[in-house]
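[1] here is the input, now give the coordinates:
(4 chains)
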Number of protein chains: 4
Amino acid sequence: MVIAGPCAVESYEQTLTVARAVQKAGADALRGGAYKPRTSPHDFQGIGPEGLHILRAASDETGLPVVTEVMDTRLVAQVAEFADMLQVGSRNMQNYPLLAEVGRAHKPVLLKRGMAAGLCEWLGSAEYIAQQGNLNIVLCERGIKAFPSGEYSRYVLDLNVIPAVRSLSFLPVIVDPSHSTGVASMVEPASRAALEFGSQGLIIEVAEEAERGCDAAQAIDAQTLARIVKFARAHSTAAEVHEAAARA
Amino acid sequence: MVIAGPCAVESYEQTLTVARAVQKAGADALRGGAYKPRTSPHDFQGIGPEGLHILRAASDETGLPVVTEVMDTRLVAQVAEFADMLQVGSRNMQNYPLLAEVGRAHKPVLLKRGMAAGLCEWLGSAEYIAQQGNLNIVLCERGIKAFPSGEYSRYVLDLNVIPAVRSLSFLPVIVDPSHSTGVASMVEPASRAALEFGSQGLIIEVAEEAERGCDAAQAIDAQTLARIVKFARAHSTAAEVHEAAARA
Amino acid sequence: MVIAGPCAVESYEQTLTVARAVQKAGADALRGGAYKPRTSPHDFQGIGPEGLHILRAASDETGLPVVTEVMDTRLVAQVAEFADMLQVGSRNMQNYPLLAEVGRAHKPVLLKRGMAAGLCEWLGSAEYIAQQGNLNIVLCERGIKAFPSGEYSRYVLDLNVIPAVRSLSFLPVIVDPSHSTGVASMVEPASRAALEFGSQGLIIEVAEEAERGCDAAQAIDAQTLARIVKFARAHSTAAEVHEAAARA
Amino acid sequence: MVIAGPCAVESYEQTLTVARAVQKAGADALRGGAYKPRTSPHDFQGIGPEGLHILRAASDETGLPVVTEVMDTRLVAQVAEFADMLQVGSRNMQNYPLLAEVGRAHKPVLLKRGMAAGLCEWLGSAEYIAQQGNLNIVLCERGIKAFPSGEYSRYVLDLNVIPAVRSLSFLPVIVDPSHSTGVASMVEPASRAALEFGSQGLIIEVAEEAERGCDAAQAIDAQTLARIVKFARAHSTAAEVHEAAARA
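    Residues are numbered from 1 along each chain as shown, chains lettered A, B, ... in the order given. Now for the predicted structure:
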């Protein structure tokens, strides 16, 4: 499972252009933020409901299911109307009312790990969703805060957690190589590394033109995405052959 | 400003007993959780609305204003009806819709620092509250996640952030010595240290009997609280004399 | 470059058994500690000079060059007499007299990253070796201390640092998947991930029998090593083809 | 116990000037580096043996005992000839041959905590010194590496470790408010906080003129030192009275 798309939905043209590139690269789903959690209230907060309509239209046009973040309990129903999968971001990993509300929405959920979350805390948060009868949860490692954060990468990508999750939980776990590195040139090697370490998918930021967008420093272009998707497919096939051989 | 009280409101008797002890110890306000954010949904979540009524009654009985946590945007109005100050917990420091809603409630706000929050991220969160016209915000350091977390204390109390906050913001900043240490015997020395480092107040967990309650390991008894309040008063008077001398 | 061998040299038989397994698995060099840095002085400290003789004999027997740690400036000449590559461990990354002494020994050096070392600090330490005229330095990422250390893995493997090193320095950089995870079952996926992220080699702990040895929890068996070496060879060939194609 | 002095010994005049100021401020001992551990070999490394002579002369002149760092096992005897107390710096906390050598020198030892050292690792290092029959060890907390390092202070001062040390070990523990904050204006409040949290002493950088010296950003002037010493004396007396009252 490779999910890709722009950081934020900015316009129909921008979103459709990226969605078509994502589709052409062979990815499985489209990501994009209509509501953006930003450190400062003075930064761009996303275009809101209009962004949801644009995502839906881009999805209808390309056939790609849509993953988008919801931050407000009161907007879960609205977002669920347009999205195929609801994302709970790392800042909200322990926003328990939101987890419960998302659990009641009858949609698959992508639960990002908090920047300071231990494994038990992360699985505890998934349990808040599951408690509402929704077991369709995908976990996502997106980098943690540690002393090197900011020196050469934005966060520290913690791949050790991947096999640890898989040994404790039946929930699938994927990796976000864009936020966990914050550096566009690291996204491709981080993606391959994540898959080799047991990650069952990726969620990646792609930009129309790599030099713009709200998180431009980490967005990759469509060609790089295509190479990552190709690697993911080959890796997945190899893993299946390997498992079949192990069973035989 | 010393705020003290039980981890969670459990019953009227328990809350009133602690509230009276808090009042007798000389503290300024009563804390207590009606809604508790817990890592697992299977843990005690607080007694909810009933807890708010109990807090109000204990406040009326003792004259102590009440500080209590709100986690759900949809409950801000309800909690604000009973509380004198709304607490946003560390797990919700970047729950921006909650910050905005709390900012609109016309009540003082206690904003705890997230476990992985840098100073700019913390001040950015305060800005979400301030943007709604509410500048009555108190910041609260409550320990961060770092490698020693769990070896001898639950979190790492980061007092260096106190003068840093005070040099960047006009907002008052206090310290939670209970959660930042997680060890009852550390609460008194941590309180004194925090005040010496420039903290303008404290928020402390006190238990009826130190060995019980949901965060028993870190709750202190009323006598210890009384010593801390006495220290805080003397410290505050000394600081005023010092400042007056500096002005003269 | 795959370096493999026992945590500590315990006896000639043990070392030769492991060395033959390492050779058969196709690895390039033998590691093993004659002098072991241990948190407590009451723990096994290595067998010292006898261990160096054993390593040399195992090397002569198998043709594998030997990498071993030196911790004491006064023993650099002694260790250099027996070893083909001198290892400076993470605890000594900022032991500057040792770095200078090792730099004067006219032997390749493996410089492990300190558990709290930023990239600039690590490269600064390499500079102490280089200053003595020895540019034959290999850097080695071995996990850092961060809040998850101890919950599901011993350290946090920081692979983001690999491309960062490669963009700033001409020195080759490898990864230690044994210490950075501390979990035997993570060593193989961590090895593949490291190579995909740009690591130019691996240093791995292998045990005669996986359940014993001083760091038994993280030692892998010879079959697992053979799979890792095979992956490393295929990966290296693919990278060369890729680069040749890029040049053409 | 308040130890104070310049970061590095630069000249006889500079050292004597600072030593006299330290003496006048009422401190108990003089610190100063003849050998300086620096991240880059291209930075000033200290003036070496000449610095030891200068420290000794300043000590004879003022009556203040001298604490100075030793980094090289081969120089322990030399440094011990001039110094009254040997300092092992945080970079060398796990340099076990140095610890053993220092343990054999029959001089009191100041053992700084490593930047990534857990409590057990720190006490393990003290054990290497004690094993040589030298129990005259003072532990020193000097800040750890965690995600905020560099945003508003150089390290994170971890005061929670102070009562933890005191509950596990009979060794005295002091705090270095200069390196743990890296900010001159934080040194005085950090000193008071450390004493309130149970620290049994302080080691502080003082500069002839606050704006110069190798770690100028964190050096305080003599007047600030005098206030800190006064606070430390009053605090110590109060603690004795308190303990006497508790015994009566």
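
[2] and the gap between A:L168 and A:L139?
    A:L168 sits 11 Å away from A:L139, taking CB to CB, to the nearest Å as the criterion. (C-beta placed from N, C-alpha, C; glycine too.)

[3] ok, these two, which is more surrounded?
    Per other CB atoms under 10 Å in any protein chain shown, whichever of A:L168 and A:L139 has more neighbours is A:L139, with 25 against 12.

[4] in what helix or strand does the more buried one lie?
    Taking DSSP states H and E as the criterion, A:L139 maps to strand A:137-141.

[5] can that strand be said to contact chain B?
    No: if you take CB under 8 Å from any CB of the partner chain as the test, strand A:137-141 misses chain B, and the best it gets is 13.4 Å.

[6] helices or strands up against the top helix by length along chain A?
    Longest helix of chain A, by residue count under DSSP state H: helix A:222-247. Judged by 3 or more CB pairs under 8 Å, 6 or more residues apart in numbering or on different chains; DSSP states H and E, helix A:222-247 is in contact with strand A:2-5, helix A:12-24, helix A:184-196, strand A:202-205.

[7] surely A:A146 and D:I144 touch.
    No: using CB atoms under 8 Å, A:A146 is not in contact with D:I144; the gap is 11.8 Å.

[8] who in chain A is up against chain C?
    For chain A, the residues in contact with chain C (CB under 8 Å from any CB) are A:116, A:118-120, A:144, A:146-148, A:151-153, A:156-164, A:180-181, A:183, A:185-186, A:189-190, A:192-198.

[9] any idea which of the helices and strands packed on helix A:222-247 gets closest to chain B?
    strand A:202-205 (19.4 Å; CB to the nearest CB).

[10] quick one: buried residues of that closest one?
    A:L202, A:I203, A:I204, A:E205 (16 or more other CB atoms under 10 Å in any protein chain shown).

[11] kindly export it (C-alpha atoms) in CSV.
    The C-alpha trace of strand A:202-205 is given here as CSV (Å, rounded to 0.1, in the frame of the first residue of the first chain):
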residue,chain,number,x,y,z
LEU,A,202,4.2,4.0,2.8
ILE,A,203,2.5,7.4,2.9
ILE,A,204,4.5,10.0,0.9
GLU,A,205,4.2,13.7,0.1
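
[12] check contacts around the residue nearest to the spatial centre of chain A.
    Closest residue to the average C-alpha location of chain A: A:I203 at 3.9 Å, with CA atoms, centre = their mean. A:I203 makes contact with A:V2, A:I3, A:A4, A:R31, A:V67, A:L110, A:C140, A:I174, A:V175, A:D176, A:S178 under the criterion CB atoms under 8 Å, 6 or more residues apart in numbering or on different chains.

[13] okay, now the unreliable bits of chain A?
    A:210-215 (pLDDT under 70).

[14] residues from it in reach of chain B?
    Going by CB under 8 Å from any CB, the residues of chain A near chain B are A:37-42, A:71-74, A:91-92, A:94-98, A:114-116, A:120-121, A:124-125, A:127-128, A:131, A:144-145.

[15] closest to chain C out of the buried residues of strand A:202-205?
    A:L202 (12.8 Å).

[16] surely the closest one meets A:V173?
    No: the criterion here is CB under 8 Å, and A:L202 misses it with A:V173 at 11.1 Å.

[17] what about chain D: which of the residues of chain A next to chain B touch it?
    Restricting these to those near chain D by CB under 8 Å from any CB leaves A:K145.

[18] Produce a ChimeraX select command limited to the buried residues of the residues of chain A next to chain B.
    Typed into ChimeraX, the line below selects the buried ones among these, using 16+ other CB under 10 Å:
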select /A:37,38,39,41,71,72,73,91,92,94,95,96,97,98,114,115,116,121,124,125,127,128,144,145
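
[19] mark which of the residues of chain A next to chain B are part of helices, please.
    Of the residues of chain A next to chain B, the ones assigned to helices by DSSP H are A:Y96, A:P97, A:L98, A:C120, A:E121, A:G124, A:S125, A:E127, A:Y128.

[20] list the residues that contact the third one.
    A:L98 is in contact with A:V70, A:M71, A:D72, A:T73, A:V76, A:V88, A:N92, B:N95, counting by CB under 8 Å, 6+ apart.

[21] now for those residues: which two are most distant?
    Using CB to CB, the contacts of A:L98 span at most 13.8 Å, a distance reached by A:V76 and B:N95.

[22] burial measure for A:A239, as a count.
    14.

[23] over to the one 3 residues further on?
    Applying other CB under 10 Å, we find 10 residues neighbouring A:H242.

[24] I'd like to know how far it sits from C:F231.
    A:H242 is 12 Å from C:F231, by CB to CB.

[25] just A:D28 next, same as before
    Taken as CB to CB, the span from A:D28 to C:F231 is 26 Å.

[26] interface residues of chain A facing chain D?
    Residues of chain A lying near chain D (CB under 8 Å from any CB): A:K145, A:A146, A:F147, A:S149, A:G150.

[27] name the SS class of A:E10, please.
    Under DSSP: H, G, I helix; E, B strand; the rest coil, A:E10 falls in the coil class.

[28] please identify which helix or strand holds the closest residue to it other than its chain neighbours.
    Nearest residue to A:E10 in three dimensions, chain neighbours excluded: A:I47, at 7.0 Å (CB to CB, 6 or more residues apart in numbering or on different chains). Counting by DSSP H and E, no helix or strand carries A:I47.

[29] what's the answer for A:L86, then?
    Using DSSP H and E, A:L86 sits within strand A:85-88.

[30] pairing partners for that strand, with directions?
    strand A:66-69 (parallel), strand A:109-112 (parallel) (DSSP bridges).

[31] rebuild the ones you listed as a markdown table, extending it with mean neighbour count and distance to D:T237.
    Putting those into a markdown table (neighbours: other CB atoms under 10 Å in any protein chain shown; distance: least, CB to CB, whole Å) gives the following:
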| stretch | mean neighbour count | distance to D:T237 |
| --- | --- | --- |
| strand A:66-69 | 25 | 58 |
| strand A:109-112 | 25 | 54 |
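
[32] just tell me which of those ends up closest to D:R104.
    Closest of the strands paired with strand A:85-88 to D:R104 is strand A:109-112, at 53.7 Å (criterion: CB to CB).

[33] contact partners of the closest one?
    A:3, A:67, A:85-90, A:93, A:99, A:102-103, A:122, A:125-126, A:129, A:134, A:136-140, A:142, A:174, A:176, A:203.

[34] hang on, the earlier thing: which one of the residues of chain A next to chain D sits closest to chain C?
    Distances from chain C to these, taken by CB to the nearest CB, are shortest for A:A146, at 3.6 Å.

[35] give me the number of residues near that closest one?
    Neighbours of A:A146 using other CB under 10 Å come to 28.

[36] got a list of what it touches?
    A:Y155, A:V156, C:I144, C:A146, C:F147, C:V156, C:D158, D:A146, D:F147.

[37] now do 6 Å
    By CB atoms under 6 Å, 6 or more residues apart in numbering or on different chains, A:A146 lies in contact with A:V156, C:A146, D:F147.

[38] before we move on, what about A:A239?
    A:A239 neighbours (CB under 6 Å, 6+ apart): none.

[39] before we move on, the earlier item: can you lay out the contacts of A:L98 as a markdown table showing distance to A:A57?
    Shown next, in a markdown table, are the contacts of A:L98 (distance: CB to CB, whole Å):
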| residue | distance to A:A57 |
| --- | --- |
| A:V70 | 19 |
| A:M71 | 22 |
| A:D72 | 23 |
| A:T73 | 26 |
| A:V76 | 21 |
| A:V88 | 24 |
| A:N92 | 26 |
| B:N95 | 30 |
